[in-house]
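Novice: structure for the following, please:
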Amino acid sequence: MGNPYVSVAEDFGKEGNVLTATTYDALGRITRNWMPIAYDGDIYNFSDGELSQLATESGYDSYAYPASAEAWSKSYQRAGIEFRGHPELEEKLCSNPDIKELCVKIYLFNDGKLELGRVASSYEMKNEKELDYLAGELDCTKSTDADGRVTLVFTDCLGRTVLTRAIADDGSFADTYVISNSWGDPLVVIPPAYAANLARSFDSYKTKINSMAYVYTYDGQHRLRSKKFPGVQEVEFVYDSEGRLAFSRDGNQRAAGVCSFRLYDAYGREALTGTCADRNPAIWNGSYIAPEMTVTGLTRKDATGTVCRSGYSVAGAVSALIPSAKLLTASYYDDYSAVPATLPSGAISQPRGLCTATLMATLGGDSQQQLLTVNYYDREERLIKSVAENLLQGDYTVESSYSPYGVLTAQRDAFTLNRNIGIVCSHSHSYSYDRFGRTLDVMLDFSGRSIRTLGCEYDNLGRLSR
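Specialist: You can find the predicted model right below:
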């Protein structure tokens, strides 16, 4: 059937080849996945008989599948003697109100209120409520792990998860209910503690949904508009005309009268993040769409007239939405025109599509300090040097070298406490590998001394032995 049967890594082990094998049933499904085996025979004339002679009974993962659609169950048993007789099982069941572990309550969420039950679907019970899902209405997947722990996941006809039920050793349930809208967006997640309270006294706890459950709202494009977690105020989100996150605020920001904003470049990459005064209540009405939050130009960092002296400028409509803006981060791409940079040997001047520099503002204190990090790349787009400013007017420099195959061979770290003082502390690492790319040695060079910080050896199966 074209399925891979045997694969051999030549000289991968300490003393020779390492073989792995997979067997299948008539439908092409995996039945056994053999663990690696040391093999010194003819790899081009390997037979099934040799596999049974080489491998031990516990040396493979085994899979068993249902014999028919009416008896749907499958099992998976991991390799190893400890797992023998303890397979992981999976069964397909259905909801059933007459069986305790298959009984699922019907929770609805309408107009911000939690409700139990729905109008009965049968004519005979039209004046009554159905509190539980009917027999066969929900699909159930019952999973039992190798330790015997049972988890049931109930889904409706649209594939939406309704309940995840974990059964403890004492038989008690830890239920997590999910109430979704017609599009499958989760509106409310009821955690086990709240579910237990609702099961005990629904009327007493139904009004505590905002303090005990996870509540979400969405806009017409199914984008998250707000989320409310237990114990905290809700977090709100606003998007621009391109569908990107433009503004957000949490409970602390709401009380302080500020919010967070994001600006993007012409390619949709994040250019600026920061905080601003929250003076426009209309943007939080649930249907507001911000104008395109895109920067319109880029000059040099620290240029006056740009947003937070970042070098980025914006249109007037966007500028009006971010009064009293304070910078958190700025990202620069494609070249070094906006930041002071000295190209090291081997670096390219226009690494298209790569982040060339970031600007990060410090928080707290009377004055905000902005720290610049500049990244340099070679022709293979690998980072070969990074220079990051520190709070003491110094910098931290990392230089990297690579082999022709792209693996790291050397790295030098240099820390300058203060550029005016000029004291530099540095050390370097060198790395060596075998032909499979596995680490053999890591050497540290510091103050004229060379120290082996890591040495690796591998056994007959290519596993790390020490």
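Novice: please make it C-alpha for all contacts and neighbour counts, starting now.
Specialist: Noted.
Novice: how about the helices in the stretch 101-250 of the chain?
Specialist: 192-200, 202-205, 209-212 (DSSP state H, counting those that start in this stretch).
Novice: next: the stretch 301-450 of the chain.
Specialist: Going by DSSP H, counting those that start in this stretch, the stretch 301-450 of the chain shows helices at 316-321.
Novice: so how far is K228 from the residue lying closest to L163 once chain neighbours are set aside?
Specialist: Distances taken as Cα to Cα, 6 or more residues apart in numbering place Y177 nearest to L163, at 4.5 Å, with adjacent residues excluded. Distance of Y177 to K228, given as Cα to Cα, to the nearest Å: 16 Å.
Novice: so which of these two has more stuff around it?
Specialist: Y177 (24 against 21; other Cα atoms under 10 Å).
Novice: the more buried one pairs with what?
Specialist: Using DSSP bridges, the beta-bridge partners of Y177 come out as L163, I190.
Novice: that one: what's it in contact with?
Specialist: With contacts defined as Cα atoms under 8 Å, 6 or more residues apart in numbering, Y177 is in contact with 162-164, 189-191, 195.
Novice: so it versus G41, what's the distance?
Specialist: 56 Å.
Novice: one step back: top of the contacts of Y177 by neighbour count?
Specialist: Going by other Cα under 10 Å, V162 tops the contacts of Y177 with 24 neighbours.
Novice: does it really touch D175, like I thought?
Specialist: No - using Cα atoms under 8 Å, V162 is not in contact with D175, being 10.2 Å away.
Novice: let me see the contact set for R309.
Specialist: 301-303.
Novice: against Q369, how distant is it?
Specialist: 12 Å.
Novice: spatially nearest residue to the residue nearest the centre of the chain (excluding sequence neighbours)?
Specialist: For the chain, the residue sitting closest to the mean C-alpha position, by Cα atoms, centre = their mean, is L224 at 17.6 Å. Of all residues not flanking L224 in the chain, Y218 sits nearest, at 4.6 Å (Cα to Cα, 6+ apart).
Novice: okay, that neighbour: pLDDT?
Specialist: Here the pLDDT value assigned to Y218 is 94.
Novice: burial of L27, as a residue count?
Specialist: As a burial measure, L27 scores 7 neighbours (other Cα under 10 Å).
Novice: need the pLDDT of it.
Specialist: 83.
Novice: quick check, it in a strand?
Specialist: No - counting by DSSP: H, G, I helix; E, B strand; the rest coil, L27 is located in no strand; its state is coil.
Novice: thinking again about what came up before, shouldn't the residue nearest to the centre of the chain be in contact with F237?
Specialist: Yes - with contact defined as Cα under 8 Å, L224 reaches F237; the gap is 6.9 Å.
Novice: contacts only, for D185.
Specialist: D185 neighbours (Cα under 8 Å, 6+ apart): H222.
Novice: so, low pLDDT: which residues of this protein?
Specialist: Along the chain, the model assigns pLDDT under 70 to residues 1, 48, 52-58, 68-72, 120-128, 365-366.
Novice: quick check: I106 touching L134?
Specialist: No - using Cα under 8 Å, I106 is not in contact with L134; the gap is 9.8 Å.
Novice: the residue lying closest to T358 once chain neighbours are set aside - how many residues pack around it?
Specialist: Spatial nearest neighbour of T358, chain neighbours left out: S331 (4.5 Å); criterion: Cα to Cα, 6+ apart. Using other Cα under 10 Å, S331 has 21 neighbouring residues.
Novice: before we move on, what about Y76?
Specialist: What Y76 shows, counting by other Cα under 10 Å, is a neighbour count of 19.
Novice: just name the most buried of the helices of the stretch 101-250 of the chain.
Specialist: When the helices of the stretch 101-250 of the chain are scored by mean count of other Cα atoms under 10 Å, the highest mean neighbour count falls to helix 209-212 (a mean of 18).
Novice: who are the packing partners of it?
Specialist: In this structure, helix 209-212 packs against no helix or strand, with contacts taken as 3 or more Cα pairs under 8 Å, 6 or more residues apart in numbering; DSSP states H and E.
Novice: next one: that helix to chain centre, how far?
Specialist: 26 Å (Cα atoms, centre = their mean, to the nearest Å).
Novice: how far away is the nearest residue to Y458 once chain neighbours are set aside from G455?
Specialist: In space, and not counting its chain neighbours, Y458 is closest to L464: 4.5 Å by Cα to Cα, 6+ apart. Applying Cα to Cα, the value for L464 to G455 is 10 Å.
Novice: which residues are in contact with stretch 278-296?
Specialist: By Cα under 8 Å, 6+ apart, stretch 278-296 touches 219-220, 225, 236-242, 246, 257-259, 262-266, 268, 271, 312-315, 317-318, 321.
Novice: mind checking which of those are buried?
Specialist: 225, 236-240, 246, 258-259, 262-265, 271, 312-314, 318, 321 (16 or more other Cα atoms under 10 Å).
Novice: that older thread, and the residue nearest to the centre of the chain, what does it touch?
Specialist: Taking Cα under 8 Å, 6+ apart as the test, what L224 contacts is 216-218, 237.
Novice: in strands, which of these appear?
Specialist: Counted as lying in strands by DSSP state E, out of the contacts of L224, are 216-218, 237.
Novice: so which of the residues you listed is the closest to A146?
Specialist: Y216 (35.4 Å; Cα to Cα).
Novice: next, count neighbours for the closest one.
Specialist: 20.
Novice: for it, list each beta-bridge partner.
Specialist: K227.
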